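Novice: Let me see the structure of the following:
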Amino acid sequence: MGSGTLIYAKDLARLASFYRQLLSMAEVHATEELVVLRSPAGCLPNGDLIVHQIPSHIAETIVVASPPVLREDTAIKPFFAVASFAEAQARASSLGGALFGPQYQGPGFRLTNAYDPEGNIMQLREPIGSV
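Specialist: Prediction:
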């Protein structure tokens, strides 16, 4: 048992595939309602990510445009580690998402924003130098 993040999805298969490929995670459990993704060997930095199907009566009211309208009015922004922004951009673009905005530097990493195919915004962190 460890820490993680849960993201609700209108299109469970698409969103789970997006995060699995973007973050190089493994699918460790799946049902009709959710997919559990885990970082390699179950270790940090990204822990577990649960992608959970939004109930159908709510999902029917949600329209996902292409490109998606960004959901900028949420109170929480998860952040995830990636090996390279260039690789993450290529993967995200091919899967319906993208990296966007300026890059900032933190202690031992750079960060930037990204969005998934449903418009959820996250922060990605790329390592720099010795950590």
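Novice: next helix or strand past the longest strand along the chain?
Specialist: The longest strand of the chain (DSSP state E) is strand 98-106. Scanning forward in sequence from strand 98-106 by DSSP states H and E, the next helix or strand is strand 109-115.
Novice: Any regions of this protein where pLDDT drops low?
Specialist: Applying pLDDT under 70 to the chain flags the ranges 1, 41-45, 130-131.
Novice: quick one, helices of it?
Specialist: Using DSSP state H, the helices of the chain run over residues 12-22, 56-59, 85-94.
Novice: Could you look over those helices and pick the most buried one?
Specialist: helix 12-22 (a mean of 20; mean count of other Cβ atoms under 10 Å). Where C-beta positions appear, they are placed from N, C-alpha and C, glycine not excepted.
Novice: Identify the residues contacting that one?
Specialist: Around helix 12-22, the neighbours that count as contacts under Cβ atoms under 8 Å, 6 or more residues apart in numbering are 7, 9, 25-27, 30, 33-35, 37, 49, 51-53, 80, 82, 88, 91-92, 95-97, 114, 116-118.
Novice: Any of those buried? List them.
Specialist: By neighbour count, with 16 or more other Cβ atoms under 10 Å, these hold 7, 9, 25, 34-35, 37, 49, 51-53, 80, 82, 88, 91-92, 95-97, 114, 116-118 as buried.
Novice: how about stretch 70-82: buried residues?
Specialist: Of the residues in stretch 70-82, Phe80, Val82 count as buried by neighbour count, 16+ other Cβ under 10 Å.
Novice: end to end, how far does that stretch reach?
Specialist: Terminal residues of stretch 70-82 are spaced 21 Å apart (Cα to Cα, to the nearest Å).
Novice: So what touches that stretch?
Specialist: Outside stretch 70-82, the residues that reach it (Cβ under 8 Å, 6+ apart) are 5, 7, 22-23, 45-46, 88, 109, 111, 115, 118-127.
Novice: can you do 10 Å?
Specialist: The contact list for stretch 70-82, computed with Cβ atoms under 10 Å, 6 or more residues apart in numbering, reads 4-7, 19, 22-25, 39, 44-47, 49, 88-89, 91-92, 99-100, 109, 111-116, 118-127.
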